[in-house]
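Participant: A structural model of the following input is requested.
(2 chains)
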Amino acid sequence: MTPAVEARGLTKRFLGRWALRGVDLTLEAGRVLGLLGPNGSGKSTLIKILAGVLRPTAGEVRVLGRRPGWETKARVAYLPDVDHLYRDMNGNEAIGFMTAFFPDFQGERARSLMEFLAVPPEQPFGQMSRGQRARFKLALTLARRADLLLLDEPLSGIDVVSRGRILNAILSEYRLGEQAVILATHEIDEAEALFDQVVFLREGQVILTGTAEDLRARRRKSIEDIYREEYV
Amino acid sequence: MTSLGVAFRRNPLCVLFLSELRRGMGRLFSVAGIIVLADAYFLTREVTMATMALLVLLPALVLPAVALYFGFEALRNEWKEHSHYLLLSLPVRAGTVLGAKLLASGVQMGFLGALAGGVAWWYLGHRVSVIAGARLADVPFPFWVKVLGATFVLLPLVNQSLAGMLAFLGGQTIGRGRWWMTGVAAASLLWILLWGLLRYGAWTPVWHLFSGLPDVDLGGYIRPVVRGPGAAQTCLPGECVLDLGWLVMNLVLLAILLGAAAALWDRKAEV
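Facilitator: Next up is the predicted model:
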């Protein structure tokens, strides 16, 4: 079976700094990968390359068996860490917009997710609170039946109640055995239960990787404690 | 909603086109407001050669600059608002995104051209030509001549918009993440593109590469000008033509600029 993600020696250099240096990564379909590391470690860069919105400087990357491009974008649902929707767009308009581009987008599912996540469907995106905007973006992302889900900091800056709702939504919408998920987050204690596989990044390099279960057994610690040990 | 309406709303190009039109409303009405104010000023002045020349020439001088600005802003706003993340994550080719922006730019420039040109035309037809002893407004212009005329005016404006988009994309590609470098690169590219358009564009020797193409006979209905105390002049059938080479030249330019912008979008545009 084709891996959802396969990267070899993935490197990205911006002006004057390395964002990724020789990252190797394989993620099989139906697995959830936690992408962990402090700010500036390369998590977002890696996710952007997989989403096809950033190009690697060197190395090989395959997403669902292809180089990231406009064909893979139809099968990858990407949640960026910035507010990427138009400010005057409300829930109903966003559903119409997404339906036009993504054959796997399910409008009804988006509506029920918005209701579950307490997103006001008539309110323009630009007038929502930070938490509402995060939940709105997530509802649109999870409403896709995509083969690969890329979630970049979905919990960042969100209140505890909203974080709970978001994690519940990810858990309930995750299609076991079909969908691969990459989740970059700092909220490890809350998200840890989701991870099958974990990658720790530092300054663009993988410093530790393995299955969550194996890492816990080897280190006799939770993923959060391993994170503290590695970075603090 | 009719099935045609549903199909329209589900077509990526149409959705992006409508979205672009909606987001460009602020820019469009700001410029339209300035045109209305300028026109109002000239229309309340006494008719002189100076006011007449300014009223007629201003659209010709200002609209290309506006087209360039609209093209540049259409992309700069996406980067400024972070919505380029959304555009770049869509499963569509560059032609769809840039084509939608170009179509919207064509509609916007058509609106502004109709506003500025319409006022100038009315001014010449109802005020100036009456004074000159004839009514320019009475000259019959068939529909197809109007459409052709609009195309001749719009095509270079659309090309100017494309030049603005290309300059932005080039600036982004070179500057990447450093606003000052992006600005300098975009401004330099804009300068080069404008020089190229003026040097090798529609009113240059390159145009004559297509001079062998047949002219479009307008049947003596075009080129009405006011000459001193004389009446509005129309030319004789066969004399009054539009140069098809000029139209083809602009279409070739459109293809070159669009190809270059699409290549930059597909290969270099990043978040």
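
Participant: tell me how far the helix or strand containing residue B:115 is from the chain's mean position?
Facilitator: Using DSSP states H and E, residue B:115 sits in helix B:94-122. Put simply, helix B:94-122 sits 6 Å off its chain's centre (Cα atoms, centre = their mean, to the nearest Å).

Participant: got it, and stretch B:187-196?
Facilitator: Distance, centroid of stretch B:187-196 to centroid of chain: 17 Å (Cα atoms, centre = their mean).

Participant: cool, and stretch A:221-229?
Facilitator: Relative to its chain's centre, stretch A:221-229 lies at 21 Å (Cα atoms, centre = their mean).

Participant: now stretch A:208-220
Facilitator: Put simply, stretch A:208-220 sits 21 Å off its chain's centre (Cα atoms, centre = their mean).

Participant: Say whether chain A is contacted by stretch B:97-107.
Facilitator: No - Stretch B:97-107 lies out of reach of chain A by Cβ under 8 Å from any Cβ of the partner chain, never closer than 10.3 Å. Heads up, the C-betas are built off the backbone N, CA and C, glycines and all.

Participant: how about the residues of the stretch 151-271 of chain B near chain A?
Facilitator: Within reach of chain A by Cβ under 8 Å from any Cβ, the stretch 151-271 of chain B has these residues: B:176-178, B:268, B:270-271.

Participant: Minimum pLDDT in those, which residue is that?
Facilitator: Lowest pLDDT within these is found at residue B:177 (67).

Participant: quick revisit: out of the residues of the stretch 151-271 of chain B next to chain A, flag the one nearest to residue B:60.
Facilitator: Of all those, residue B:268 has the smallest distance to residue B:60: 34.2 Å, by Cβ to Cβ.

Participant: List the buried residues in the worst-scoring helix or strand of chain A on mean pLDDT.
Facilitator: Counting by mean pLDDT, DSSP states H and E, chain A has its least confident helix or strand at helix A:160-173, which shows a mean of 79. For helix A:160-173, a neighbour-count test (16 or more other Cβ atoms under 10 Å in any protein chain shown) marks A:162-163, A:165-167, A:169-170, A:173 as buried.

Participant: hang on, the earlier thing: got a PyMOL select line for the buried ones in the residues of the stretch 151-271 of chain B next to chain A?
Facilitator: Buried subset of those, written as a PyMOL selection, criterion 16+ other Cβ under 10 Å:
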select buried, chain B and resi 270+271
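
Participant: quick check, nearest of the residues of the stretch 151-271 of chain B next to chain A to residue A:54?
Facilitator: Looking across those and measuring by Cβ to Cβ, the closest to residue A:54 is residue B:270, at 4.9 Å.

Participant: which phi and psi does the closest residue to residue A:180 other than its chain neighbours have?
Facilitator: Leaving aside its chain neighbours, residue A:180 sits nearest to residue A:4 (3.4 Å; criterion: Cβ to Cβ, 6 or more residues apart in numbering or on different chains). Backbone dihedrals for residue A:4, given as degrees, to the nearest 10, come out at phi -70, psi -40.

Participant: Against residue B:81, how distant is residue A:4?
Facilitator: Here the criterion is Cβ to Cβ, to the nearest Å. By it, residue A:4 lies 31 Å from residue B:81.

Participant: Find the residue at the geometric middle of chain A.
Facilitator: For chain A, the residue nearest the mean C-alpha position is residue A:151 (1.5 Å; Cα atoms, centre = their mean).

Participant: which ones among the residues of the stretch 151-271 of chain B next to chain A are found in strands?
Facilitator: Among those, none falls in strands (DSSP state E).

Participant: OK, contacts around residue 113?
Facilitator: Using chain A here. The neighbours of residue A:113, taking Cβ atoms under 8 Å, 6 or more residues apart in numbering or on different chains as the test, are A:138-139, A:142-143, A:169, A:173.

Participant: actually chain B
Facilitator: Applying Cβ under 8 Å, 6+ apart, we find residue B:113 in contact with B:59, B:63, B:150, B:153-154, B:157.

Participant: which one of those sits closest to chain A?
Facilitator: Using Cβ to the nearest Cβ, residue B:157 comes nearest to chain A of the contacts of residue B:113, at 25.6 Å.

Participant: pretty sure that closest one is touching residue B:67, no?
Facilitator: Yes - with contact defined as Cβ atoms under 8 Å, residue B:157 reaches residue B:67; the gap is 4.3 Å.

Participant: Report the beta-bridge partner residues of residue A:7.
Facilitator: Beta-bridge pairing of residue A:7 under DSSP bridges involves residue A:25, residue A:61.

Participant: so what's it up against?
Facilitator: A:23-26, A:46, A:50, A:59-62.

Participant: same thing with residue B:26?
Facilitator: By Cβ under 8 Å, 6+ apart, residue B:26 has no neighbours at all.

Participant: if I look at it, how far off is chain A?
Facilitator: 11 Å (Cβ to the nearest Cβ, to the nearest Å).

Participant: Torsion angles phi and psi at that residue?
Facilitator: Backbone torsions of residue B:26, given as degrees, to the nearest 10, read phi -60, psi -50.

Participant: where along the chain do the helices fall?
Facilitator: All of this refers to chain A. Taking DSSP state H as the criterion, chain A carries its helices at A:43-51, A:70-73, A:91-101, A:107-116, A:130-142, A:160-173, A:188-191, A:212-219, A:223-231.

Participant: ah, no, chain B please
Facilitator: With DSSP H as the criterion, chain B has helices spanning B:3-10, B:12-23, B:25-43, B:49-80, B:84-88, B:94-122, B:129-132, B:143-175, B:179-200, B:244-267.

Participant: If you compare the directions of the second one and helix B:25-43, what angle comes out?
Facilitator: Read it as helix B:12-23. 50 degrees (axes from the mean of the first three to the mean of the last three Cα atoms, to 10 degrees).

Participant: who in chain A is up against chain B?
Facilitator: Close to chain B, as judged by Cβ under 8 Å from any Cβ, chain A has residues A:14-15, A:48, A:51-55, A:70-71, A:73-74, A:78, A:80, A:82-88, A:96-97, A:99-102.

Participant: Quick one, which of these are buried?
Facilitator: A:48, A:51-54, A:70, A:73-74, A:78, A:80, A:83-86, A:97, A:99-102.

Participant: got the contact list for the nearest residue to residue B:151 once chain neighbours are set aside?
Facilitator: Of all residues not flanking residue B:151 in the chain, residue B:247 sits nearest, at 7.1 Å (Cβ to Cβ, 6+ apart). If you count contacts by Cβ under 8 Å, 6+ apart, residue B:247 has them with B:151-152, B:155.
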